[in-house]
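K.L.:
mind folding the following:
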Amino acid sequence: MSTPIVIDCDPGHDDAIAILLALASPEVELRGITTVAGNQTLEKTTRNALKVLELAGRTDIPVAAGADRPLRRALRTAANVHGESGLEGPDLPEPTTRPVAESAVDLLAELIEPGVVLVPTGPLTNVALLLERHPDVAGRLERIVWMGGAIAEGNVTPAAEFNAFVDPEAAAAVFGSGIPVTMIGLDVTHMALFTPEHADRLRGTGKAGRVVAELSDFFQKFHEERYGFHGSPIHDALAVADVIDPTLVTRLHCNVEIETVSQYCDGRTVVDRWLVTDGPRNAQVGIDVDAARFLELLVERISSLA
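P.N.:
Numbers count the residues shown, from 1 in each chain. The predicted model follows:
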């Protein structure tokens, strides 16, 4: 039996690949996509989600546009990582569909029912607004698997991961909601690098494979220059993979708090890995990953798409 999921995202190279992985995996049923401003503006991230569904021939899946800015802050995007369109690299098909008329929050409230897993792969603005406007959702939502945060590193500041940094107030609301949260952070995504060799295996397998290879080509350049990596972490796909196969990521049940007022550490996900405080154990935090199995899963599933 497949697990129903909803992806809340800001596509983004790794968000796009995460969507394709979900569509290629019988273990999950993608019931809807909601978009948020993050990697790029809301207009661009929404358009990118529609393009990915067009590529996959799955325009039946509803897409709803959400928050165009964080709860209390000015928007910071990541054009330096994802380019001006948010999906630089491949030539993607123009969407033939439009977002649904309802807002992301309303679509989430409609789609979330017992058994549904919410997979946010961007700033948590939409999710925080959902909990504020539809508090009953907390009792229906199975769990949240979020790609964001980090135990010991940052990628937008020395202390903070991008998704947490863009809207730390939203992250604080979600982690304080009582809903079971799994945090797939940089600590594990940086352990699983999608290399040029993986991309070359996909390049000739079909439209989706070629697009993922070309997305990887562009994404790789940033990670080579910034980190010296031979490959790039496909951060958001690992969150989807955690739902597909919960044995891929090793987790620690512990307390996570979000720093929202700090000169140097704003947006820090403060993970009590060694259980030194008496804070509630409000999250399952990824601390290790079977990288080889994850990357093989990603290549095999994307190869299967027409």
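K.L.:
how far does stretch 256-263 sit from its chain's centre?
P.N.:
A distance of 21 Å separates the centroid of the chain from that of stretch 256-263, by CA atoms, centre = their mean, to the nearest Å.
K.L.:
what sits closest to residue 277 if chain neighbours are left out?
P.N.:
Closest residue to residue 277 apart from its sequence neighbours, by CB to CB, 6 or more residues apart in numbering: residue 255 at 6.1 Å. Where you see a C-beta, it was placed from the backbone N, CA and C, and this is true even at glycine.
K.L.:
what is the burial count for the one you found?
P.N.:
19 (other CB atoms under 10 Å).
K.L.:
same check on the one 4 residues further on?
P.N.:
Using other CB under 10 Å, residue 259 has 19 neighbouring residues.
K.L.:
just confirm it contacts residue 266, I think it does.
P.N.:
Yes. The pair residue 259 / residue 266 is scored as a contact, 6.1 Å apart, by CB atoms under 8 Å.
K.L.:
which neighbours do the two have in common?
P.N.:
When CB atoms under 8 Å, 6 or more residues apart in numbering defines a contact, the residues bordering residue 259 and residue 266 alike are 159-160, 168.
K.L.:
go through those residues and name the one nearest residue 61.
P.N.:
Closest to residue 61 out of these is residue 168 (30.0 Å), distances taken as CB to CB.
K.L.:
sorry, back to before: how close does the residue nearest to residue 277 sit to residue 181?
P.N.:
Using CB to CB, to the nearest Å, residue 255 is found at 11 Å from residue 181.
K.L.:
mind putting the shared contacts of residue 259 and residue 266 into JSON lines with secondary structure and pLDDT?
P.N.:
Listed next are those as JSON lines, based on DSSP: H, G, I helix; E, B strand; the rest coil; pLDDT from 0 to 100:
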{"residue": "159", "secondary structure": "coil", "pLDDT": "97"}
{"residue": "160", "secondary structure": "coil", "pLDDT": "98"}
{"residue": "168", "secondary structure": "helix", "pLDDT": "98"}
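K.L.:
pull the contacting residues for residue 134.
P.N.:
Contact analysis of residue 134 by CB under 8 Å, 6+ apart lists 105, 108-109.
K.L.:
want to throw the residues you listed into CSV with distance to residue 60 and secondary structure?
P.N.:
Shown next, in CSV, are the contacts of residue 134 (distance: CB to CB, whole Å; DSSP: H, G, I helix; E, B strand; the rest coil):
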residue, distance to residue 60, secondary structure
105, 22, helix
108, 18, helix
109, 20, helix
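K.L.:
in PyMOL, select just the buried ones from these.
P.N.:
Command for PyMOL, covering only those of the contacts of residue 134 found buried under the criterion 16 or more other CB atoms under 10 Å:
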select buried, resi 105+108+109
